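Chemist: let me see the structure of the following:
(4 chains)
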2 protein chains.
Amino acid sequence: MVDRRGSGNDGVPVPPWRKSRKPAQLRRQLSQELIVSTGLRVLDAEGLDALSMRRVAQELDTGPASLYAHVAGKDELLELIYDRVLGEIELPERDPSRWKEQLHGYATEVHRVLRAHADVARAALATIPSGENSLRAGEFVFGLLIEAGMPPREASLAMDRLSLYVVGDAYEGSLHYARMRAAGLDQRTYFEAFVGQINDYYRTLPSHRFPHLRDYADDLIADDGEARFHYGLALLLDGIEARMPKARAD
Amino acid sequence: MVDRRGSGNDGVPVPPWRKSRKPAQLRRQLSQELIVSTGLRVLDAEGLDALSMRRVAQELDTGPASLYAHVAGKDELLELIYDRVLGEIELPERDPSRWKEQLHGYATEVHRVLRAHADVARAALATIPSGENSLRAGEFVFGLLIEAGMPPREASLAMDRLSLYVVGDAYEGSLHYARMRAAGLDQRTYFEAFVGQINDYYRTLPSHRFPHLRDYADDLIADDGEARFHYGLALLLDGIEARMPKARAD
DNA sequence: TTGTAGTAACGAACGGCGTTCGTGTCAAGT
DNA sequence: ACTTGACACGAACGCCGTTCGTTACTACAA
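Modeler: Below is the predicted model:
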C-alpha cells in the first residue's frame, strides 16, 4: 500500500522523465503526537531556549510551516508538552486522613518531574489546567483538601497557592539551569562559581549599611535548591494545617 | 529626584560578575541612567514583550549598538530596571516586635510595585540581589527576622521563600497581563471572559472522574488575584511564626 | 476510470530580535 | 596642534515565530 507511483502493475513502466522531474519523495506523516514528543526531546536535550518551531521542524526534516497544520503555535506546543510531562506523575489513592503527607508527596513529585524536564515549568505558569493530566492532578489535590474537611472556597485558594509555589520554584530553578547551560558549565562548577561569587560579594558590603547580609553571608548560601524548596513547602503545608478544621473523634 | 547611582560612592560595590564598566562621560547624551529610565518607560507603556534593545534605542534616536557601551546586554538592562523599580518601595524603621506585621506590609508593598510596572517581575526571578535597592530590601527582611530571634540560617531560608512567593505571584500576574494586552482587551473584559470560560469548561467535565472540580467550579474562580496573593502570604507568615522562637518575657 | 475537491506539506519570505564588528567622530590630555 | 581613545553608530550575522501561496497527494463522486 506504499506504492504511490504505478497503480497498474501490468501497465507501462514509469517514464523516466517523470521520475526525474521531481525527486521521488514520500510525504512525511506529521501528527500532533509526533510534534509534541519531538519538542519534548529537544527540550530535554537542549533546554527551552533551544526549543523553537524551526528546531522541531528541523528535527523532523521539514520546514517550520509544516507544523502549523497540527499545532496552533509555539504557545500551544508548550502547553501540550507541559501536559504530557504531567502525565509522568503518579498519584496514590486519596486518603484524606493523611492529606498532609499526601500533599507533600504530590508536590515533591510534581517538582521532581518539572525539574527532570529542564524548563517546562515556564509553560505552566498562568496556564489554567485544561489538559487531561493537569485536570487529574487538580482533582487529586482539590478532592483531598475537601475530603479532609476544608471548605471548597478555601480549598481552591490552597490548591492555587500550592501549585504556584511548586511551579514557581521549578521555574526559578530552570532559569539557573539555563544560565548554567549558557555558560557551558556542569552543575557542580556552576553552583560553586555562583555561590562563591555571591559570598565574596556580600562580604564586601559596607557593614554599617548591611550588617546582617554581610555578617551572615555564609548562612545565606548554606542551603541548596532542594532544601529551600522543602522549607517553603513545609511553611505552606503548616499554614494550611493551621486552617484545617479539626477532625472530631466521634 | 533621588540619585541612586552617581555622586555618593556610599553606594554598593559593583558585583564582580557585571561585565559592563565604563564609568565614563558621554559625548552626546547617552548614559546608563538614561537607558534604564527609557527602558522602564517602554516597559510601563508597552509591556515586557515590547521591550527590546532596538525599541529602547529607537526611543533615544539611535541604533541598538549604541546601548552596549553602557549596558552589557538585555539581561543586565532588565536587572537595572528591576533595581530601579525596587527603589520605589518605602521601608519603615525596623521593629522586631512587630516583625510579622512589618513583613506583611513589606511583601504587600513589593507586590504592589511589581504589579504597577507591568512585568518587571520576570527580571527578578533567579536574580540574586546585587543592586542598591535590592540589597536595602534584603537587609530589611533578613535583619527583621534575625532581630526577631530567628537563627540566621533559617532566616535566610524564610527570606528566600518569601521573596520567591512575592515575585512568583507578580510574575504570574504579568503573564496574564501580557495575554490581556495581546488580546487587546481591558482588564475587566479579559477577566470576565477568562473566568467565564474556565467556569463553563469545568462544568462540562465528566462528573465520575472530576467530581470536585466540576461541582465546585464556582468556588474555584471565586477569588481574584489580590485575595489569592494575601491568602498565600498569610500561609507563609503563619508558617514562619510557628517556627519563630517564642519571645521570653524576662 | 476519470474528475475533482480537500488538505497536508512545504519553500520562501516578512518583520522582528540580540549582539558584534569595524569605522567614524570628537572631547580631552599632552 | 597633535594624539589618543572612548563613545556613537551603520551594517550585518544568524537567529526567531508566523504567514502566504503553491504543490502533491488522498479520498471520494461520477
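
Chemist: so, in contact with chain B or not, the single longest helix found in chain A?
Modeler: Counting by DSSP state H, the longest helix found in chain A is helix A:152-183. Yes - using C-beta under 8 Å from any C-beta of the partner chain as the criterion, contacts between helix A:152-183 and chain B involve A:152-158, A:160-161, A:164-165, A:168-169, A:171-172, A:175-176, A:179. For every residue, glycine as well, the C-beta is placed using N, CA and C.

Chemist: would you mind splitting chain A into its domains for me?
Modeler: A:29-85, A:92-243 (automatic domain parsing).

Chemist: now those in JSON lines, with distance to DNA strand C?
Modeler: Converted to JSON lines, the domains of chain A look like this (distance: least, C-beta to the nearest atom of the strand, whole Å):
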{"stretch": "domain A:29-85", "distance to DNA strand C": "3"}
{"stretch": "domain A:92-243", "distance to DNA strand C": "10"}
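
Chemist: filter the residues of helix A:152-183 next to chain B by proximity to DNA strand D?
Modeler: The subset of the residues of helix A:152-183 next to chain B within reach of DNA strand D, by C-beta under 7 Å from any atom of the strand, is empty.

Chemist: returning to what we had before: which strands or helices does the longest helix of chain A pack on?
Modeler: Identification of packing neighbours for helix A:152-183 by 3 or more C-beta pairs under 8 Å, 6 or more residues apart in numbering or on different chains; DSSP states H and E yields helix A:99-116, helix A:121-124, helix A:132-147, helix A:187-203, helix A:225-243, helix B:152-183, helix B:217-220, helix B:225-243.

Chemist: now that helix: average pLDDT?
Modeler: With pLDDT averaged residue by residue, helix A:152-183 scores 90.

Chemist: name the residues of it that come out as buried.
Modeler: A:152, A:154-178, A:180-181 (16 or more other C-beta atoms under 10 Å in any protein chain shown).

Chemist: ok, now stretch A:199-217?
Modeler: Buried residues in stretch A:199-217, counted by 16+ other C-beta under 10 Å: A:Tyr201, A:Tyr202, A:Leu205, A:Phe210, A:His212, A:Leu213, A:Arg214, A:Tyr216, A:Ala217.

Chemist: again with stretch A:92-104
Modeler: Per 16+ other C-beta under 10 Å, stretch A:92-104 contains these buried residues: A:Trp99, A:Gln102, A:Leu103, A:His104.

Chemist: how long is that stretch end to end?
Modeler: This stretch, stretch A:92-104, spans 12 Å end to end (C-alpha to C-alpha, to the nearest Å).

Chemist: show residues contacting it.
Modeler: Contact with stretch A:92-104 is made by A:105, A:140-141, A:143-145, A:147-149, A:162, A:233, A:237, A:240-241, A:244, A:247, as judged by C-beta atoms under 8 Å, 6 or more residues apart in numbering or on different chains.

Chemist: what two of these are the furthest from one another?
Modeler: A:Leu233 and A:Ala247 (22.2 Å; C-beta to C-beta).

Chemist: these two: which has the busier surroundings?
Modeler: Neighbours were counted for A:Leu233 and for A:Ala247 using other C-beta atoms under 10 Å in any protein chain shown; A:Leu233 has more, 21 against 10.

Chemist: can you count the residues close to A:Glu33?
Modeler: 11.

Chemist: got the buried residues for the host helix or strand of it?
Modeler: Here A:Glu33 sits within helix A:32-46, counting by DSSP states H and E. Neighbour counts over helix A:32-46 (16+ other C-beta under 10 Å) mark A:Ile35, A:Val36, A:Thr38, A:Gly39, A:Leu40, A:Val42, A:Leu43 as buried.

Chemist: right, and A:Leu235 touches B:Arg161 too?
Modeler: Yes - here A:Leu235 reaches B:Arg161: they are 6.3 Å apart, a contact under C-beta atoms under 8 Å.

Chemist: overlap in contacts, those two.
Modeler: Residues touching both A:Leu235 and B:Arg161 by C-beta under 8 Å, 6+ apart: B:Leu236.

Chemist: so A:Ser163 is in contact with A:Val141, correct?
Modeler: Yes - at 7.4 Å, A:Ser163 counts as touching A:Val141 under the criterion of C-beta under 8 Å.

Chemist: nearest to DNA strand D among the buried residues of stretch A:199-217?
Modeler: The shortest gap between DNA strand D and any of these belongs to A:Tyr201, at 23.7 Å (C-beta to the nearest atom of the strand).

Chemist: any idea how many residues pack against A:Gln221?
Modeler: Actually, residue A:221 is Ile rather than Gln. Counted with other C-beta under 10 Å, A:Ile221 comes out at 18.

Chemist: quick one: low-confidence ranges for chain A?
Modeler: A:1-28, A:126, A:247-250 (pLDDT under 70).

Chemist: quick one: contacts of stretch A:171-191?
Modeler: A:47-49, A:114-115, A:118-122, A:124-125, A:193-194, A:224-225, B:125-126, B:164, B:168.

Chemist: then stretch A:214-230?
Modeler: Residues from elsewhere that reach stretch A:214-230 (C-beta under 8 Å, 6+ apart): A:108, A:111, A:169, A:173, A:176, A:191, A:195, A:198-199, A:202-203, A:205-207, A:213, A:231, B:142, B:146, B:152-153, B:155-157, B:160-161.

Chemist: name the residues of it that are buried.
Modeler: A:Arg214, A:Tyr216, A:Ala217, A:Asp219, A:Leu220, A:Ile221, A:Asp223, A:Gly225, A:Arg228, A:Phe229, A:His230.

Chemist: repeat that for stretch A:57-77.
Modeler: A:Ala57, A:Ser66, A:Leu67, A:His70, A:Val71, A:Leu77.

Chemist: check contacts around the fifth one.
Modeler: When contacts are counted by C-beta under 8 Å, 6+ apart, A:Val71 touches A:Gln32, A:Ile35, A:Val36, A:Leu77, A:Leu80.

Chemist: hmm, back to that, between the buried residues of stretch A:57-77, which sits nearest chain B?
Modeler: Among the buried residues of stretch A:57-77, A:Leu77 lies closest to chain B (C-beta to the nearest C-beta), at 16.5 Å.
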